[in-house]
Structures are given as structure tokens and as C-alpha cells.
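A.B. asks: No sequence on hand, only this structure:
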């Protein structure tokens, strides 16, 4: 691969060359493709390898979308009608003036403000989603100028780049296959071509007019590698794809229906005010209809509906979730699907892999076991060091420079049957590839090279993996039988410098032993593998596994006779056997076992506490690993899944043992932790399926191609960001940027917090809406003058629902959030108890707003508060309820009263006391509504943002009260100190009512929770 890159580096780019899309790379040889694409100035020619972003929605279209809501359209129509009536008739007094246009103009203005808020919410959510997509951008392993760049952003690829693809990778651009590292390369390209099975790829050119399925030497952007490794040359960049966005489910359908009926009822109750008739001879006649009043009450009903139904809720929820996912991304949990945030909060089971998730994945060989000088004997060497630095530690009692043939074979297999690399970055040594394989290469360096080799001086002393390179020169790799989780081994065919072809294999010790017939002794001779030797090896394996060591075995054999003349050519007859990975087990048979190593993979320090947090939070942890049973049990005891002296015979099973259990669901229902070792992907799927059938909400981790079905099946599929394949990431709901189990637990806590905040502001919006509905309904039912006009209702909705609801989204998480059991996935946002609680509060809001209106008209004082200072006249409740008949009352007079610097008098028409004169009573009602809706939020000292929001809401209310122009617009007047005391006297009891309801709720929560029947959650795809 390096040679190919160097050859490319020597060539210059042809700036006037034909564009890449007209060059048939599939019909050309590798040499011709390399000649075509140079390296110099390619970015200027081809640009970035990314989607041409579609033009964003225009601002005009966004504004129109805000008026898509039926209720908003109805209100808009009502405002237009009101505007036309004002233009034709003037106000009800018949005068043409600006006051007649105030109401429709204010309604237009508030609708525009509502649209601006909606646009801001949508664009904010989109920006947050775009930021998350950027964090999760695809990476590629590229060779440039002879240097390997392991994580180049895929968008920076240009034609001519050399890219290495591995199993599980998503192909970042259209590319020509240059060389196969493995024996086979199969790509899933059904999304592009419709083919149902993965397609084998080759390096051979095909016909120039071949269709897309026939281009066997090309891999295409957006497809995925399901088998094999290869090196490719980028020929085309940029691709077209369609990205869909999942919408949140709306939950308020029943509420919408109820409020719609109430609105219609309110309008019908007021029919008597705009439609009247007399009965003549038993039949209605002399109908009188006031179109102005009909429109007015229609506006009230519609304004009530708009205030009551939170039509902007989906946008608010999306914003809350999107901003929440940003916070989670800062904790290394990248949420790919917004609804997953809600699901995280009700996770009941976490099924976690072991390696790299519960452990650090900082592998280091700590023990080497080789064969002895005679059958039935073993040699053991302790290996020092815990890093990827070959100079970190040594092998105890090592025969330096005098390696026997058995040790040489172990070194050869560890060096050559290996795709990893170790690089020095500043003073750090880092693994490129699988950490397990990198640790084996470090072991080879510590083992050294046999004394007297002619190859010792051919490489520079500064080479980190000097010994591994020497072995690779002696034994040329000609084919790779890549690892898979079914046979649990990897093999390579090599053409030795001795002229002999060998098959070198590494893998799980038990699996290799099953396929081995001989063992190699110290002097290189082979003996038949007898039962005693097999038992001795397995006993040593168990002892190492109990010390939490992960063990890997080594074996070899002569290549099968069909491969005796195989040279890696695709034209060789035997090559066809390598195209089907199901043949690999039979090829890797009749092996000679040579030894094994134990690798130490220490647990992450923070995992023990994270598992304890899960136990406290009512979340069960199940470890599902492909590792050896004893090793996995030792790690599980160390990290707290099991207690040190706990009997785990019924809790720890292999995948095969679990499949043989008769009552599998009952096994999974056990409290505490469970372990499944030597598990295969099909076992993961079955465990997830059974847990979901039993009503559990399952988070499942995975990193490989074969894990994708289990990740999709789980409620929360969690992919590894470092070790995970692109296929696993695509199938997941969440990606761990640090591959750390504790990040999952932190994400669950954050998910619970986000859900609680979302629930808080949704409940707040619903409770305030119920209060407004109750207020208008009571006014209509009692027949008293309207306490609040449509403009005021819309203002209350905008001001009181806006800042506090937004601030509730920033509530800090509860201190005991991870000490509560997970909520059930089918729990509704508004439970019957919560609905009852807010109905009670809503009814009090209605009583308080209507009550303060009545108190002002009928009382001189209330609770010792003097209300007579303004000089207003008192009426009886009966007069107030029948104010429409005022013109027929004999001798009715209304005294003038003051409000701020204004004086209202009714000398010419005393009945105006119930129309124009209701302005102060209406102001009191509005102020009580604003006060109560802010008081029922939560203690402001918990959330500083809420304190600010409350100040903003009250501040805006004071602005419209005390700025004369705005007071005139909204039909209100300034209040005196005594009148503010009345507002507080009527509003404050809501706190007591709310606290009593909360107390009752706490007392009955256990009973209410226990009476619910659990139901399984079905994942919404």
C-alpha cells in the first residue's frame, strides 16, 4: 500500500485533464488509474467530497409554514373580518378612529411575533442537529505522500487518494479497488443496485460499457464493506443521498378535541348577545342579529382555542431535545435520533460488551505459554509492561537471541497473522487497528529476533516494529482468511523464504484446540495432540482466565493441497474457495497447536461506580461478550457486576448454554447482573428479543457488522465511536465517542433529566391553558361581562407561556435522578393524576380571575383591603349577571372612577359602566392570571433562568400596564397599591392548593404505580 502511495506522489496532477466522471476507471488497469490521478492541487480541481447542500427553506416559506395551523388561520380570518368591520362601520359608537383598528392590528402583530418565535425555534433545532451531524462525520484511512493518515475527514478526500477499507467501513467515495489485503472483499451495495446479497469485488478491469452491477473492481460511495480489507484509489467524490427526519409524535389529540368543544360551547352560550328574537303566536319572529358582536364572540372563542392548544409544542420539544443532545455530546454520547433521548430515560436493562466498554482496551500481553521439550509439558513466561511501547518491560527468564523453533513459530504467527500497527506519536505509542493485535506485535518486539539471522540489519534501528517487519520479509503473506465471530479465528497463508507454504492461525484457544490434531514441541518436532496435553492446556487456560487474562492461541499447518501452487492470483483455481468465508473453518483444520498468550485488559476505573449507579437507578446490567467464560467472570467480579464471593453458577452462561435453557425468559428475569460469554451475534439478538417481549426497555452495545441487527432490534442501539464499524454506527441510536460504559450511564441520567424538563414545560403549558379555558368558560356561563378580550388572551399566552416554559427546559437535574426506578416506556406525559391536579388548579384560576372581576364590581373592601379609593359604583351580583338588560333599569346611575391619571365617567350612558367601565376589573383579572401562572411553575431558586423568566414576564406585564399607549392598545389601566394587594390575596392561595395536591400525590404515588400493568415497548422505526 505504501509503494502505491509513493508511486502516486511522484506523479503530477494534470490540471487540464478530463473530469473524473468521464474516465472509465473500472475498465482500466491499476497502473492506468494511478497515472490518471495525481496528488498536486486536487482540492482545487475537485473540491470537497460532500453533498451539495440543498438550498435552505426561504424565510418567506418559513413564515408561511407558521400559519399552517388551522386555528391560527381561523384567528387570522377573524382579525381580517374585524379589520373590515372597523373600516366600514368604525367602532360601536359609529366613530371612525384609530381605536377601531387597534384590536385587529394587535392580533396581526401577535401572530407575527408568534411566527418569529416559531421560526427561531425551528432554526435553532436545525442548527443543533447540524452540529451533531458534524461531530459524527465519517472518517477515512488514507495514504498521502507515503504517510498513513488514520482519521482524515471523508469530505477532504479527492480523486487520486489511496484509501484503506476494512470490514464494517462505509465507503466514503467512488473508488477503484487497487489491491486486496484479505483474500476476499464483499460489499453490500443493495441500496444502490437493488442486489439482495453482498457482492464480491476484484482488482481486474471490466468492459468500459459495463453496467453498475458489472463494475466488480469498483466500490461505490454509501455502500458498506461486509467482508475483507482492501486498498482503493478514489476516482469520484461527492454523492447524492436522501436524509429523512423523524418527527415527534404529538400527544395532545384528546386535549385538542376537548378544548375545541369548549370553544364551540362558549360561542353558543353567547348567542343571546348577538342574536335575539320575539315569540309571536308561539313562533319566533323579529330576529335581531349583530354581525359585529357575532364576530367579537367568534374571536373570543378562537382566541381561547389558540391560547389553550399549544400548537408550537412539536417545535419546542424538538428544540429541547436538540439542545439536550448537544449537552450529551459534551459527555461523549452522540445521539443520532432525537426520540432516543426520551427512550434513554426509561432504560431498564443495559446489555454491554466487555472489551473496550467495561475495560480500557489498552491491551498488553502479561503471560506467554509455549510447549515444552516433551509431550505433556508447558513453559510459562511472565511479560512485563502495560503500554504499546516495545521498550516498556521485558520477558522474564527469556532466552534472548536463542529462541527455539517453538518460540520462533509463536513470534512468526503473532507478527504475520496480524493487521495492526503501532506508531510513535511524540512520546506516546498508539495502536492503529485492533488493540489485541497491536499488543501481539509489541510482544514480538520484546521476544526479539533469532540469533544469526541474515535479515537483522536490513531495517533502520528506529523502526518501532523492527522484528515484525523482519518476519514479514521472511514470510510473504499471499492470502488472508479474515476473522469472524463464528469460528473465532483468523488465518493467513504465507510463502516462506524456505520455499514452503504455510497456514498461520490465531484465535480463541478452545476453538483452535478443537481443530488441532498435533502440537509442536520445543525443538520444532510435532507430536499427536493427546487428551492429557489437551487437558493440560485447557487447565492452564482456565487458571489464566481466572486472573482476568484474555487468551489467544496460535497454530499452523501446511496449506491444503489445492493451494500448493497458489500465489495470491485471482485466476488460480483454488482462489474460488477463498471467496466464500464459510469454507475457512475447513481450510483451518488439522492444525498444529504451538502455544498461547494471556493479555491483560484492565477495567476502566469509573465503571465500578457506574454499575453501582445503575443498581441504585433500578437498571440491570447484563454483560454479553465473546470472551472466555472464566476471564469474563473475573472481570465482572472486579467491576461489581458480581460480588467477590457470590455463587454465579446460575448467572453466568455461555451463549450456547443459554440457548439450551428451557425457560429463557425466567433466566433473564433474575435480579442483579447476568453474564453471557462466548456469545455470538445471534445470541445477542435472541436476548434482546426476549427482554423486549418481557416489557423491558433495552440498551444494547455493539461494534461489529454482525451486531447491526441486535442494535436495530434494541430500544437504544449503542455503537462504539472508536472501535465500532460504520455499519454498527448506522444501525445505532447513539454513538459513544469514548467507548466507555460509564458514558451510557451518564447518558441515561441526562436522558431522564431532559425528559423531566420537557415534561415540566409541557405540563406548565397545559396547566396555564386549562386556567385560561376555565376563566373564559366561567365568564360565559355566569353571563357577566367578558373579563379578558382576545388581545389580552393572546398576550397572556405569549408572555406567561413563553419565558417560563423556555426556562423550565434548563432546569438542573434532580440530585436523586439516578436513585429512582426508571419510568415505564408507556407512561404518558399527562397522567390521570397530573390532569386532575391541573384541572383543580385550572378551576381555581377560573374562579380567581372571574372572582376578582366580580369583587371589584360588588365590594368596597375584601379581606381588609380598601377598594373604594377610586370612587367606582357598586352593583349587585344579579345586576352584574344581567348587565345586558341595563337599559331597562330605572334610575340606574354609575359614578365616575379614577385609574392612574385617567377618569372614567358615564353621564351620557350609565350602561357603559359594564362595557367601557369594566377596564379596571378586566385589568385585575389579567393580572391575577399572569401572577398565578407564574407562581405555579416551581421554586425559582432551583433554576436561575426561571427567576429571570419570571422577572421578564412580570416586567412585560408592568410595561403594558404603565406605558399609556400600550395600556390603551390592550384595554387596561394602571393599578394602585391596594389593587395589587387584592391581586396577591387572590393569587397566593394557588401555592397552598398546589402543595396540598403534590403532598397527596406523593402519598398515593406508590399505590398508583403498583396498579399499572406493564406492557412491552415496541421500537418505532
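C.D. replies: Thanks, I have the structure now. Predicted model, so just to flag it, every value in this text is computed and none were measured. Numbering: from 1, shown residues only.

A.B. asks: Now do residue 874, the pLDDT please.
C.D. replies: In this model, residue 874 is scored at 91, pLDDT.

A.B. asks: Am I right that it is in a helix?
C.D. replies: No: Residue 874: not assigned to a helix; according to DSSP: H, G, I helix; E, B strand; the rest coil it is coil.

A.B. asks: Tell me which residues touch it, please.
C.D. replies: Contacts for residue 874 were tallied using C-beta atoms under 8 Å, 6 or more residues apart in numbering; they are 857, 858, 859, 860. For glycine as for every other residue, the C-beta is placed from the backbone atoms N, C-alpha and C.

A.B. asks: Quick check on the residues you listed: which are buried?
C.D. replies: Buried members of the contacts of residue 874, scored by 16 or more other C-beta atoms under 10 Å, are residue 857.

A.B. asks: Closest one of the contacts of residue 874 to residue 980?
C.D. replies: Taking C-beta to C-beta as the measure, residue 980 lies nearest residue 859 of these, at 16.5 Å.

A.B. asks: Tell me the spacing between that closest one and residue 778.
C.D. replies: Using C-beta to C-beta, to the nearest Å, residue 859 is found at 18 Å from residue 778.

A.B. asks: and if you look at residue 752?
C.D. replies: To residue 778, residue 752 is 38 Å away according to C-beta to C-beta.

A.B. asks: More neighbours: the two, which one.
C.D. replies: Taking other C-beta atoms under 10 Å, residue 752 and residue 778 do not tie; residue 752 has more neighbours (24 against 19).

A.B. asks: Checking my notes, the more buried one in a helix, right?
C.D. replies: Yes: the assignment for residue 752 is a helix, going by three-state DSSP.

A.B. asks: Go ahead and confirm it touches residue 813.
C.D. replies: Yes: counting by C-beta atoms under 8 Å, residue 813 is a contact partner of residue 752 at 7.3 Å.

A.B. asks: Model confidence for residue 560, exactly?
C.D. replies: At residue 560, the pLDDT recorded in the model is 90.

A.B. asks: got it, and residue 235?
C.D. replies: Value for residue 235, per-residue pLDDT: 85.

A.B. asks: Could you measure from the spatially closest residue to it that is not a sequence neighbour over to residue 202?
C.D. replies: Spatially, and ignoring its direct neighbours in sequence, residue 235 is nearest to residue 25 (4.2 Å; C-beta to C-beta, 6 or more residues apart in numbering). Distance of residue 25 to residue 202, computed by C-beta to C-beta: 14 Å.

A.B. asks: Name the residue in those two with the higher neighbour count.
C.D. replies: Using other C-beta under 10 Å as the criterion, residue 25 and residue 202 rank with residue 25 on top: 24 against 15.

A.B. asks: Assess the claim that the more buried one and residue 176 are in contact.
C.D. replies: Yes: checked against C-beta under 8 Å, the pair residue 25 and residue 176 is within contact range at 4.4 Å.

A.B. asks: quick one: average pLDDT of stretch 605-618?
C.D. replies: For stretch 605-618, the mean pLDDT works out to 90.

A.B. asks: Sketch out the strands for the stretch 651-800 of the chain, chain order is fine.
C.D. replies: Ranges of strands in the stretch 651-800 of the chain, per DSSP state E, counting those that start in this stretch, are 652-654, 674-677, 698-702, 716-720, 734-736.

A.B. asks: Parallel or antiparallel, list what pairs with the last one.
C.D. replies: According to DSSP bridges, strand 734-736 has the following sheet partners: strand 333-335 (antiparallel), strand 716-720 (parallel).

A.B. asks: quick one, which of the ones you listed is packed in tightest?
C.D. replies: strand 716-720 (a mean of 29; mean count of other C-beta atoms under 10 Å).

A.B. asks: any idea how far that strand is from the chain center?
C.D. replies: Relative to its parent chain, strand 716-720 has a centroid offset of 9 Å by C-alpha atoms, centre = their mean, to the nearest Å.

A.B. asks: what angle do that strand and strand 698-702 make?
C.D. replies: Here strand 716-720 runs at an angle of 20 degrees relative to strand 698-702 (axes from the mean of the first three to the mean of the last three C-alpha atoms, to 10 degrees).

A.B. asks: Other residues contacting strand 716-720?
C.D. replies: 340, 343-344, 347, 353, 356-357, 697-703, 710-711, 728-729, 731-736, 739, 744.

A.B. asks: so for it, what's the average pLDDT?
C.D. replies: Strand 716-720 comes out at a mean pLDDT of 88.

A.B. asks: and if you look at stretch 176-188?
C.D. replies: 84.

A.B. asks: Tell me where the stretch 451-600 of the chain has strands.
C.D. replies: In the stretch 451-600 of the chain, the segments counted as strands under DSSP E, counting those that start in this stretch are 475-484, 489-496, 501-507, 516-520, 526-528, 549-558, 591-600.

A.B. asks: and the angle from the fourth one to strand 591-600?
C.D. replies: Angle between the axes of strand 516-520 and strand 591-600 is 70 degrees (criterion: the same axes, to 10 degrees).

A.B. asks: right, and residue 378 touches residue 371 too?
C.D. replies: Yes: using C-beta under 8 Å, residue 378 is in contact with residue 371, at 6.6 Å.

A.B. asks: Look at these two and report which has more neighbours.
C.D. replies: A direct count of neighbours by other C-beta under 10 Å for residue 378 and residue 371 places residue 371 higher, at 28 against 15.

A.B. asks: any idea how far residue 518 is from the more buried one?
C.D. replies: For residue 371, the distance to residue 518 (C-beta to C-beta) stands at 11 Å.

A.B. asks: that older thread, quick check: the gap between the residue nearest to residue 235 and residue 377.
C.D. replies: Per C-beta to C-beta, residue 25 is found 58 Å from residue 377.

A.B. asks: same question, residue 189
C.D. replies: Using C-beta to C-beta, we find residue 189 at a distance of 53 Å from residue 377.

A.B. asks: Looking at those two, which is more packed in?
C.D. replies: Neighbour count, other C-beta under 10 Å: between residue 189 and residue 377, residue 189 has more, with 22 against 12.
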